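1. could you work out the structure for the sequence below:
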Amino acid sequence: MRITAVCVCYNEEELLPFFLDYYTQICDEMIIFDGNSTDNSHNIIKSYIGRNKCALELRITHSIGNIDTWNEQWSIEQNHNHGMFL
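-> Coordinates of the predicted model:
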């Protein structure tokens, strides 16, 4: 069984290292939709790409913030068979 996590991020630089340390160990794939973060979130996510077996993809949305990003993410991903939405 493959586990794919689809996540939303907006200015989460303080939480991201803990979140990514945990979920990249249990997921086969993570797709992170970022709502145009203005902090160091992009760089933190990029630093985890290729660290382990988890395929990590960063998608920067046109939306700003979590709610609009979640809505945009949902409309794009609803037809895919993903394991969990975080």
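2. contacts for stretch 13-23, please.
-> Stretch 13-23 is contacted from outside by 5, 7, 9, 12, 30, 37, 39-41, 44-45, 48, 54, 56, 86, using C-beta atoms under 8 Å, 6 or more residues apart in numbering. Bear in mind the C-beta positions are built from the backbone N, C-alpha and C, glycine included.
3. where exactly do the strands run in the chain?
-> 4-9, 29-34, 55-60, 84-85 (DSSP state E).
4. show me what the most centrally placed residue in the chain is bridged to.
-> With distances taken as C-alpha atoms, centre = their mean, residue 32 lies nearest the centre of the chain, 1.8 Å away. Beta-bridge pairing of residue 32 under DSSP bridges involves residue 7, residue 58.
5. count of residues packed around residue 20?
-> Using other C-beta atoms under 10 Å, residue 20 is surrounded by 22 other residues.
6. what's the distance between it and residue 46?
-> Per C-beta to C-beta, to the nearest Å, residue 20 is found 11 Å from residue 46.
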